[in-house]
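Participant: model this:
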Amino acid sequence: MSWQVEMREALKSVEDLNYFFADNFGASSYPIFIPKRLALKIKTMGKDSALGKQFLPLPEENNAQLQADGLIDPIGDQRHSPHARIVHRYDNRILFFPTSHCPVMCRYCFRKNELNSGQDLFSGSLLPLENYLRQQTEIDEVIFSGGDPLILSDEKIAQYLDFFAQFPNIKYIRFHSRMPVIIPNRISDNFISILQSYSKRFDCISLAVHINHTQEIDSDVKLALKKFENTKIQLLSQTVLLKNVNDDATELCQLFKQIWQLGMRPYYLHHPDRTKGAMHFCLSPKSGGQIMREVRRKLPGWMLPQYVIDDPSGKGKIPLSDLLSQSTK
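Facilitator: Numbering: from 1, shown residues only. Okay, the predicted model is just below:
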C-alpha cells in the first residue's frame, strides 16, 4: 500500500475511532487523524500504552480547569513571524512552513491550536519570502517544519529545494518529520535519491525524526531509516518529554540507545510546552531535570540529546543545563 493511500484511509473522526476500537470516545475539540497502521499498533498495545496516550483523544484535553494555564501560542511563533510561512527567531536560521498537514495528530502538539485555527502562518506566496531572504543574508539554514514537510510529494519537495538553492547564503537544509515512524513507506528510494542529488547544492541536508518512545520503533521503521545508510543525509532525532508517556529514565535510555543504533544522533529532548489542550502532558522542569540527571549517569555523553525548553516569549530554546547543575548540589 502506498503512503498516499495510507493517508486517505486514516481514521479521521470520533466515529471512526469508536468503530475501529469498539469503544465510545467522547467529542474532541481538536482534529483526529490516525493512520490505520498506527491504529492497529495501538489496538495491539492497548489504549493506555505510550502509543495510545500520544495519539488517542483523552477527556483531559477538554477539561477547562486543567487546561486553564495552557497557551494558544506557547512558543511565540506569531511574535517572530515577519510574514506568512516563516518564523525567524534566530539570527542565522528560519523555520519554513510548506504545509499545515501532518501524518498523525499528536495530542500534545505545541501547534495543535494553530493548526486547528486555519492561521495564515501556513499559507501564502513565496514572493515575500524571496524578498526577505535577499535582504537577510545572514540566514544560512532553512528548517522545513509545519505540519510535516514529508507530507508533500517528492516533486514539491524538489521545487522548494530548487527555490532555496538560488540563494548562495543558504548552506543548510533541515527537515523535521514524524513520517519515518508513522508511515515508513514514505521513505521511498526516489525520495532518498532526491535528497542525495540536492546534497551537492547544499553543505548539509539533515532529517530530524520525531520519536518519543521505543513502542514507535518496529521493523518497518528500521527498514525505512536503513535506506539512509551510505548517503550524505544527516539523521537526527527529537523527543518530547511527556508525563505518563516517557517520563522515565530507563525508558529514555532505551530510546536513545535504539535511536543511535538506527543511525540517528539524539539531538533534542524537548521539555513539554504549556499548550492549551495538552497541559495533562506537562511535568515540572525540576522533575524533568531529575530524570535527565539519571539519564546522564547511564549513557555516554555522545548519546545524550540536549535537554531544552522553549521560551514562551518566542526567543527560542533554552538549555536546561543550569537546572541540571543545580540538581547535583
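
Participant: what's the nearest residue to A165 if we skip its chain neighbours?
Facilitator: R201 (4.6 Å; Cβ to Cβ, 6 or more residues apart in numbering). To be clear about C-beta, it is placed using only N, CA and C from the backbone, and glycine gets the same treatment.

Participant: tell me which element P180 falls in.
Facilitator: Taking DSSP states H and E as the criterion, P180 maps to helix 179-182.

Participant: quick check: mean pLDDT of the helix or strand that that helix is followed by?
Facilitator: Where DSSP H and E defines the elements, the next helix or strand beyond helix 179-182 is helix 189-198. In this model, helix 189-198 has a mean pLDDT of 97.

Participant: mind starting the numbering at 135 from now?
Facilitator: Noted, 135 is the first residue going forward, which turns the last one into helix 323-332.

Participant: which other helices and strands does helix 323-332 contact?
Facilitator: Applying 3 or more Cβ pairs under 8 Å, 6 or more residues apart in numbering; DSSP states H and E, we find helix 323-332 packed against helix 288-299, strand 338-344.

Participant: mind listing what's buried along the longest one?
Facilitator: Meaning helix 288-299. For helix 288-299, burial by neighbour count (16 or more other Cβ atoms under 10 Å) applies to 288, 291-292, 294-295, 297-298.

Participant: before we move on, what about the shortest one?
Facilitator: By neighbour count on 16+ other Cβ under 10 Å, the buried set for strand 338-344 is 339-344.

Participant: adding distance to N197, write those residues out as TSV.
Facilitator: Below are the buried residues of strand 338-344 laid out as TSV (distance: Cβ to Cβ, whole Å):
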residue	distance to N197
I339	42
S340	38
L341	36
A342	32
V343	31
H344	26
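
Participant: pLDDT and distance to P446 added to those residues, as CSV?
Facilitator: Output for those, formatted as CSV (pLDDT from 0 to 100; distance: Cβ to Cβ, whole Å):
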residue, pLDDT, distance to P446
I339, 98, 31
S340, 98, 26
L341, 98, 28
A342, 98, 22
V343, 98, 26
H344, 98, 21
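
Participant: which of those sit farthest apart?
Facilitator: With Cβ to Cβ as the measure, no two of the buried residues of strand 338-344 lie farther apart than I339 and H344, at 17.2 Å.

Participant: now H217: closest residue in space, sequence neighbours ignored.
Facilitator: Using Cβ to Cβ, 6+ apart, the nearest residue to H217 is P262, at 4.7 Å.

Participant: tell me which residue is most central in the protein.
Facilitator: H344 (4.5 Å; Cα atoms, centre = their mean).

Participant: contacts only, for the closest residue to that one other than its chain neighbours.
Facilitator: Using Cβ to Cβ, 6+ apart and skipping residues adjacent in sequence, the residue nearest H344 is R312, 4.4 Å away. R312 makes contact with 236-238, 240, 282, 343-345, according to Cβ atoms under 8 Å, 6 or more residues apart in numbering.

Participant: how close does P165 get to K246?
Facilitator: 8 Å (Cβ to Cβ, to the nearest Å).

Participant: okay, these two: which has more neighbours?
Facilitator: K246 (23 against 13; other Cβ atoms under 10 Å).
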